[in-house]
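Student: sequence below, structure please.
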Amino acid sequence: MVKKLMYISPVGYNTYDNEIENYLLKYAENCTICATSLSKAPYHLEYLYYSALIGPELLNTIKQAEIDGFDAAIIGCFYDPFLYEAREMSDRLVVTAPCEASLSIATKLGASFSIIVGRRKVIPYMKENVRKYGFENRLASFRSVELGVLDFQEKKELAEERILKEAERAVKEDGAEVIILGCTKEFGFFEKIQDCIGVPAIDSMIAACKEAEHLVSCRDKLNWTISKVGAYEPPKIDEIRQWKLDEYFQIPVEKK
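Tutor: Below you'll find the model as predicted:
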């Protein structure tokens, strides 16, 4: 059966939706992909304040994807915003995100990894995610190219030059055996980078998509789904309706 994936860019513009959709389809197997963005959101999430603003619409979009029959939702930002919240409210929908997926893959390809990020600003929060996911002892370094999120696709030649330079330094100076491109807007660079430096370079957008494919297969063939007896126990629908949260926050609620 063809898997139905939704890739959600948690930003307020859709300039790259079609390009992302076509890009992911080159690497997907037996999947359809719908790439979408948010209607009311900042243009990047370099600031935690911006990340906080996207919460309700992002979670509502994911919930609607499940109601509409999608197999998986991919949160398209390396901060992995609201990943745990999305899994908590999902039933059989697979939810993945770039950082968690990339780290999981990287640790199977080498003993250490370095993450290439846009700006120094983002490193503390991303480092906390690495620790939270349990991969801190495999982290060789973070390397910043000092470019904003929007610069990666608007200034591709400069971005590629700086990413390559920092990736080479990460391998030679920091002992990295795998490179992770730590922003989803760094898509399209991984093949050139790994060809030049001779180690795997993980495109985090593709990593999240491939993990989604795998987990959907595990769900369908093995019934491995998100456990609901502990951390991801969902809120009660009756409670949401009683407090009118579905009205206040326009939460999609599936009709029984």
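
Student: any weak-confidence spans in this structure?
Tutor: The chain contains residues with pLDDT under 70 at 255-256.

Student: repeat that with 90
Tutor: Applying pLDDT under 90 to the chain flags the ranges 1, 253-256.

Student: in it, which spans are strands?
Tutor: Taking DSSP state E, the strands of the chain run over residues 3-9, 31-37, 72-75, 94-96, 113-117, 139-144, 178-181, 201-203.

Student: burial count for the residue lying closest to Asn129 once chain neighbours are set aside?
Tutor: In space, Asn129 comes closest to Cys99 once its chain neighbours are excluded; the distance is 5.3 Å by CB to CB, 6 or more residues apart in numbering. Using the backbone N, CA and C atoms, a C-beta is placed for each residue, glycine as well. The tally of other residues near Cys99 (other CB atoms under 10 Å) stands at 26.

Student: tell me how far the residue nearest to Asp17 when sequence neighbours are not counted lies from Tyr16.
Tutor: Distances taken as CB to CB, 6+ apart place Ala35 nearest to Asp17, at 4.5 Å, with adjacent residues excluded. For Ala35, the distance to Tyr16 (CB to CB, to the nearest Å) stands at 8 Å.

Student: list residues touching both of the two?
Tutor: Ser9 (CB atoms under 8 Å, 6 or more residues apart in numbering).

Student: all helices of the stretch 101-250 of the chain, in order?
Tutor: 123-133, 151-154, 156-174, 190-197, 204-222, 237-242, 245-248 (DSSP state H, counting those that start in this stretch).

Student: for stretch 47-65, buried residues please.
Tutor: By 16 or more other CB atoms under 10 Å, the buried positions in stretch 47-65 come out as Tyr50, Ser51, Leu53, Ile54, Glu57, Leu58, Leu59, Asn60, Thr61, Ile62, Lys63, Ala65.

Student: same question, stretch 168-183
Tutor: 168-171, 174, 176-183.

Student: CA atoms of it as PDB?
Tutor: Listed next in PDB are the C-alpha coordinates belonging to stretch 168-183 (Å, rounded to 0.1, in the frame of the first residue of the first chain):
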ATOM      1  CA  GLU A 168      35.800  19.600   6.600                       C
ATOM      2  CA  ARG A 169      36.900  21.200   9.800                       C
ATOM      3  CA  ALA A 170      34.500  19.100  11.800                       C
ATOM      4  CA  VAL A 171      36.000  15.900  10.400                       C
ATOM      5  CA  LYS A 172      39.700  16.900  10.600                       C
ATOM      6  CA  GLU A 173      39.700  18.900  13.800                       C
ATOM      7  CA  ASP A 174      36.700  17.600  15.900                       C
ATOM      8  CA  GLY A 175      36.800  13.900  15.000                       C
ATOM      9  CA  ALA A 176      33.400  13.700  13.400                       C
ATOM     10  CA  GLU A 177      32.700  10.600  11.400                       C
ATOM     11  CA  VAL A 178      29.300  11.800  10.200                       C
ATOM     12  CA  ILE A 179      28.000  15.200   9.300                       C
ATOM     13  CA  ILE A 180      24.400  16.300  10.000                       C
ATOM     14  CA  LEU A 181      23.000  19.300   8.200                       C
ATOM     15  CA  GLY A 182      21.300  21.000  11.100                       C
ATOM     16  CA  CYS A 183      18.600  23.000   9.300                       C
END
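
Student: that older thread, report the two of the buried residues of stretch 168-183 separated the most.
Tutor: Distance extremes for these: the farthest pair is Glu177 and Cys183 at 20.7 Å, using CB to CB.

Student: returning to that earlier point: among the buried residues of stretch 47-65, which one sits closest to Ala41?
Tutor: Comparing the buried residues of stretch 47-65 against Ala41 with CB to CB places Ile54 closest, at 4.9 Å.

Student: which ones are touching that closest one?
Tutor: Pro10, Leu38, Ala41, Pro42, Leu45, Pro81, Phe82.

Student: could you rerun that using 10 Å?
Tutor: 8, 10-12, 38, 40-42, 45, 61, 75, 77, 81-82 (CB atoms under 10 Å, 6 or more residues apart in numbering).

Student: just checking, Ala208 touches Thr96?
Tutor: Yes: using CB atoms under 10 Å, Ala208 is in contact with Thr96, at 4.7 Å.
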